[in-house]
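Novice: All I have is the shape, not the residue letters:
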């Protein structure tokens with residue numbers, strides 16, 4: 001309408017003689033249009049059965065009261081409001097609504113409360129007393145709520161609760177709802193509760209349409225069978241999966257998983273961890289470390305790689321197993337650890353190396369075995385027979401088995417199957433004492449090897465010395481069985497059974513080549529002398545850069561200086577005076593019938609066709 005009028009005026013005033021008149025008319029029309037728009041911004045009283053004035057109690061205000069059938073109906077700039085009673089300050093464009101207050105904004109926002117202070121200037125609604133704000137995705141419950149319609153934000157600071165069908169219930173001391181983004185920002189004592197888990201956090205950002213929660217500060221996620229801790233994280237509450245950083249930990253089934261980054265999928269019972277991982281079995285007192293791990297809870301198994309290291313305890317002495325990859329399977333009381341590819345073992349008095357090392361926690365059996373097929377193209381690929389070092393003795397064979405007494409946690413015995421070979425350096429000279437056979441059995445006492453039996457097709461080369469440690473000969477023999485008895489680090493006695501040949505040679509009569517049994521390889525240069533030595537053959541470690549989550553953006557002050565100034569200017573002096581004197585009570589300006597409340601409960605008043613029933 002106004003555009004057509006302006007166009008007509010411009011067409012009418014084309015010649016210059018009426019130019020001044022043209023500008024005057026335009027200014028008058030624009031002012032009229034502005035005045036019209038301002039008039040439309042005033043709060044409108046759509047229905048009020050009773051209107052009263054009380055200049056003493058409410059100077060400048062008009063008291064509006066409902067009747068038995070309908071509530072007071074008010075509208076302003078896209079919202080409709082119903083209440084039992086209201087004080088309308090027309091000059092200040094301000095209203096105080098009392099009793100069963102309902103505000104509707106379009107088809108999506110509905111707010112109910114006992115009281116509302118609303119300014120048509122700032123479009124800020126301050127609701128108190130049993131406040132319920134509802135939109136299509138969630139509902140807010142609190143005792144006092146600030147709803148700024150200009151920026152479409154709702155805010156509470158005296159404890160509130162948010163309910164969502166797909167997520168559960170979220171409570172916090174402070175909460176803010178950004179309606180346009182469908183985003184909640186909760187601060188202080190935040191708790192999310194549903195039938196599957198409970199989240200406790202210091203700060204939580206929640207997107208209601210996607211059901212995504214962003215976690216800040218110390219946070220725990222507890223369920224009946226697991227617990228997660230982090231200080232920075234993300235959780236998809238609908239998909240039941242999350243991503244956690246900063247001191248992230250997962251607790252389940254006597255197991256603690258730590259890492260720079262954790263991923264968790266509750267529905268799949270799956271978790272993974274990246275960089276500086278530590279998995280602790282509190283029942284068996286074992287720890288597995290690495291830089292990548294996968295946990296499959298349904299199968300009671302986990303897989304660790306990238307500098308994988310398993311640590312156990314035997315009689316207050318740690319035992320370390322390292323390999324390219326470590327797999328742990330079985331429940332805690334029947335746990336089996338399998339180390340693959342260039343596996344190594346280290347203990348204070350024992351070390352070993354094989355393609356693969358398997359440990360059964362329940363039986364106390366540790367196996368050092370060779371893989372039948374192993375590609376040399378692998379980073380760790382270099383196949384050799386399993387080897388075990390104990391004190392000064394080196395033992396090799398196709399398979400080596402260590403047995404631990406589960407009760408005392410001490411070494412009990414060892415067995416070497418097929419191509420068993422035991423060797424040690426001569427105490428003074430450059431030669432090697434050697435015994436080989438089909439099978440080897442070793443016995444331990446207090447973690448020290450005191451007897452070794454080599455069984456079937458036993459061959460030996462032994463440097464004999466007198467009490468003065470002078471070499472008196474080199475013994476070369478073959479027997480059905482050879483028994484070595486140790487005292488400290490040295491062989492105290494060598495006993496041969498069913499000897500089928502042999503001879504003692506003076507040192508000068510036995511050539512160097514005859515002082516070595518077939519298959520002998522001295523591998524002392526491969527022996528780990530420390531935990532650090534376990535990693536010396538590893539390729540360079542390259543850790544992935546973890547893509548972090550966006551940093552926390554602190555909640556801006558809801559009541560900033562601009563908003564506080566606007567509220568102060570928009571609030572009637574009478575209202576401010578009553579607030580200052582703490583005398584702002586919610587009075588009934590007009591006496592209501594005794595049966596008024598009863599009639600409200602019985603009579604369902606419907607201000608509009610699509611409005612829900614009153615309280």
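Specialist: All right, it came through fine. Keep in mind the model is a prediction, meaning the values are calculated, not measured.
Novice: hey, where'd the strands end up in the stretch 1-150 of the chain?
Specialist: Taking DSSP state E, counting those that start in this stretch to define them, one finds strands in the stretch 1-150 of the chain at 44-47, 50-53, 62-65, 72-76, 79-83, 85-89, 94-105, 109-119, 124-134, 139-148.
Novice: Does anything pack onto the second one? Which helices or strands?
Specialist: Packing partners of strand 50-53 (3 or more C-beta pairs under 8 Å, 6 or more residues apart in numbering; DSSP states H and E): strand 62-65. Just so you know, the C-beta spots here come from the backbone N, C-alpha and C atoms, and that holds for glycine as well.
Novice: Tell me the strands beside the strand it packs on, with direction?
Specialist: Strand pairing for strand 62-65, using DSSP bridges, gives strand 50-53 (antiparallel), strand 85-89 (antiparallel).
Novice: Check the average confidence over that strand, would you?
Specialist: Predicted confidence along strand 62-65 averages 93 (mean pLDDT).
Novice: Distance from that strand to the middle of the chain?
Specialist: Centroid separation for strand 62-65 versus its chain: 55 Å, with C-alpha atoms, centre = their mean, to the nearest Å.
Novice: Tell me where the stretch 401-550 of the chain is predicted with low confidence.
Specialist: 489 (pLDDT under 70).
Novice: Over to the chain?
Specialist: Under the criterion pLDDT under 70, the flagged ranges of the chain are 1-40, 314-315, 372-383, 489, 552, 554-555, 559, 578-615.
Novice: Do a quick rundown of the helices in it.
Specialist: 2-12, 19-40, 561-570, 573-580, 596-602 (DSSP state H).
Novice: Tell me which of the strands paired with strand 62-65 sits most buried.
Specialist: Across these, the average number of neighbours (mean count of other C-beta atoms under 10 Å) peaks for strand 85-89, which reaches a mean of 24.
Novice: Contacts for that strand, please.
Specialist: Outside strand 85-89, the residues that touch it by C-beta atoms under 8 Å, 6 or more residues apart in numbering are 43, 45, 48, 58, 60-66, 72, 74, 94-99, 572, 574-575, 588-590.
Novice: re the thing from before, distance to residue 272 for the strands of the stretch 1-150 of the chain - can I get that in JSON lines?
Specialist: Rendered in JSON lines, the data for the strands of the stretch 1-150 of the chain read as follows (distance: least, C-beta to C-beta, whole Å):
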{"stretch": "strand 44-47", "distance to residue 272": "60"}
{"stretch": "strand 50-53", "distance to residue 272": "68"}
{"stretch": "strand 62-65", "distance to residue 272": "63"}
{"stretch": "strand 72-76", "distance to residue 272": "54"}
{"stretch": "strand 79-83", "distance to residue 272": "49"}
{"stretch": "strand 85-89", "distance to residue 272": "59"}
{"stretch": "strand 94-105", "distance to residue 272": "45"}
{"stretch": "strand 109-119", "distance to residue 272": "41"}
{"stretch": "strand 124-134", "distance to residue 272": "39"}
{"stretch": "strand 139-148", "distance to residue 272": "36"}
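Novice: Could you give the number of residues near residue 77?
Specialist: The local packing count at residue 77 equals 14, with neighbours defined by other C-beta atoms under 10 Å.
Novice: any idea how far residue 322 is from the closest residue to residue 289 other than its chain neighbours?
Specialist: If the residues on either side of it in the chain are set aside, residue 289 comes closest to residue 309, at 4.6 Å by C-beta to C-beta, 6 or more residues apart in numbering. As defined by C-beta to C-beta, to the nearest Å, residue 309 lies at a distance of 5 Å from residue 322.
Novice: what do the two both touch?
Specialist: residue 534.
Novice: ok, the two, which is more surrounded?
Specialist: When residue 309 is set against residue 322 and neighbours are counted by other C-beta under 10 Å, the residue ahead is residue 322, at 27 against 21.
Novice: That one: what's it in contact with?
Specialist: So, once contact is read as C-beta under 8 Å, 6+ apart, residue 322 ends up touching 307, 308, 309, 310, 339, 343, 344, 345, 346, 534, 535.
Novice: Excluding sequence neighbours, find me the nearest residue to it.
Specialist: That would be residue 534: by C-beta to C-beta, 6+ apart, it lies 4.0 Å from residue 322.
Novice: For the spatially closest residue to residue 273 that is not a sequence neighbour, list each beta-bridge partner.
Specialist: Nearest-residue entry for residue 273: residue 259, 3.3 Å, with adjacent residues in sequence omitted and distances by C-beta to C-beta, 6+ apart. Residue 259 forms beta bridges with residue 248, as assigned by DSSP bridges.
Novice: Roughly how far does residue 259 sit from residue 221?
Specialist: As it turns out, when the distance is counted by C-beta to C-beta, residue 259 lies 16 Å from residue 221.
Novice: re the thing from before, who's in contact with the residue nearest to residue 322?
Specialist: 309, 320, 322, 344, 346, 528.
Novice: you'd agree the second one is up against residue 313?
Specialist: Yep, that's residue 320 we're talking about. No - Residue 320 sits out of contact with residue 313 when judged by C-beta atoms under 8 Å, with a separation of 10.8 Å.
Novice: Specify which residue of the two has the higher count of neighbours.
Specialist: Applying other C-beta under 10 Å to residue 320 and residue 313 shows that residue 320 carries more neighbours, namely 19 against 13.
Novice: Tell me where the stretch 151-300 of the chain has strands.
Specialist: For the stretch 151-300 of the chain, the strands defined by DSSP E, counting those that start in this stretch occupy 153-156, 160-164, 168-172, 174-178, 183-193, 198-207, 212-222, 227-236, 241-252, 255-265, 270-281, 286-296.
Novice: Domains of this protein: list them as residue ranges, please.
Specialist: By the record's domain assignment, the chain is partitioned as 2-40, 44-157+558-602, 158-238 (automatic domain parsing).
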